[in-house]
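Asker: A predicted structure for the sequence below; I have some questions about it.
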Amino acid sequence: YNLNMTKKDIIQGKVAIKKGVAEMNFEEAFHAATQMHYEGRLSIPERDHTRQVIYFMTDSKPKDISDGDIGQEINTFKDYYGAIIVNEFRKEGDMTGENYALENLASIGYYFLNGDYITAGLQPFCKANCFCMSKMEYSGGDAAKAGGGCYRGSAKDVPFNKAKEMCATGGGIMSVIHDQNKAKLLQIAEQKIDYFWIGYQKSDSGDWNWQDGSSDPYTNWGVDEPSPNAVAKCAYADNRDPKNLIWGAGNCQVAFPYICEYPPCQAGIKDC
């Protein structure tokens with residue numbers, strides 16, 4: 001069903017199922033779902049970038065459909081348009097081993113076996129409804145890829161406050177670093193840049209504050225950093241050493257590239 005439907009919508013072209021059909025035709029079901037998504041985007045243009053979800057609930061054991069044209073269509077959908085959730089229901093006593101065809105059909109992290117309503121119903125929809133705008137790096141697991149936020153780097157050299165302003169214009173903040181995993185992600189986002197600003201700034205009282213308001217104590221200052229120089233109030237990352245993204249404190253008027261950090265998109269946000 002199209003989850004964007006309202007009571008005023010009229011369902012046309014219903015799928016007819018002949019009595020006695022023993023199993024699901026996964027190819028026809030996939031095509032019916034993608035057609036429904038296509039028609040939905042035409043009727044509500046501002047939702048064109050909303051992530052799409054196809055949900056299979058079945059006790060059928062299909063042949064592997066990961067090859068050929070249909071396999072390419074399925075992989076394209078998972079790579080560019082959304083997620084495929086599969087909840088396989090096995091009959092009591094059916095111990096035939098893992099169903100790799102259904103696992104291959106599902107997006108990574110979205111295959112469930114005899115899942116209950118919460119585990120294989122609501123939670124996967126919530127995870128699938130968490131995504132980044134195109135051309136952004138993301139942080140998260142296989143299922144909730146954007147659970148750790150979305151990132152976009154800029155190679156343009158600007159002063160610290162200008163970088164803050166540019167990120168805020170798009171609804172984000174300057175990137176913050178609270179662990180080594182986050183540091184590695186930012187290195188990927190700005191892999192060709194020697195230095196870039198991070199969202200860490202020294203107040204007039206002498207305290208260093210993260211732009212996201214976090215009190216996380218993690219730091220990775222370089223030797224003799226942060227500089228005691230009176231104008232060294234803005235933190236930058238030294239990207240020349242790929243193994244250790246150390247920080248320095250510099251003059252906020254110096255121009256460096258920067259990375260913006262954004263909250264994930266969710267269905268219903270027009271600008272995503």
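Answerer: It's in. Everything quoted here is computed from the prediction, not taken from an experiment.
Asker: Tell me where the stretch 151-272 of the chain has helices.
Answerer: Assigned by DSSP state H, counting those that start in this stretch, the helices in the stretch 151-272 of the chain fall at 160-169, 180-189.
Asker: Of all those, which one is nearest residue 57?
Answerer: Residue 57 lies closest to helix 180-189 among the helices of the stretch 151-272 of the chain, at 34.8 Å (Cβ to Cβ). For the C-beta atoms, the positions are set from N, CA and C on the backbone; glycine is no exception.
Asker: Show residues contacting that closest one.
Answerer: Here helix 180-189 makes contact (Cβ atoms under 8 Å, 6 or more residues apart in numbering) with 137, 139, 148, 151-153, 175-177, 196, 198, 220, 237, 239, 242, 245, 259.
Asker: burial measure for the closest residue to residue 216 other than its chain neighbours, as a count.
Answerer: Distances taken as Cβ to Cβ, 6 or more residues apart in numbering put residue 178 closest to residue 216, at 4.5 Å, once the chain neighbours are dropped. Neighbours of residue 178 under the rule other Cβ atoms under 10 Å: 14.
Asker: Need the pLDDT of residue 178.
Answerer: On pLDDT, residue 178 comes in at 90.
Asker: now residue 150
Answerer: Note on residue 150: pLDDT of 85.
Asker: Just list whatever residues bridge to it.
Answerer: On the basis of DSSP bridges, residue 150 is bridged to residue 138, residue 262.
Asker: can you pull the contacts of it?
Answerer: Contacts for residue 150 (Cβ under 8 Å, 6+ apart) come out as 132, 133, 136, 137, 138, 139, 261, 262, 263, 264, 265.
Asker: what do you get for residue 171?
Answerer: 262, 263.
Asker: Next, find the distance separating it from residue 126.
Answerer: 21 Å (Cβ to Cβ, to the nearest Å).
Asker: In three-state terms, label the spatially closest residue to residue 26 that is not a sequence neighbour for me.
Answerer: Nearest in space to residue 26, with sequence neighbours left out and distances taken as Cβ to Cβ, 6+ apart, is residue 62 at 5.0 Å. Put simply, residue 62 is coil when judged by DSSP: H, G, I helix; E, B strand; the rest coil.
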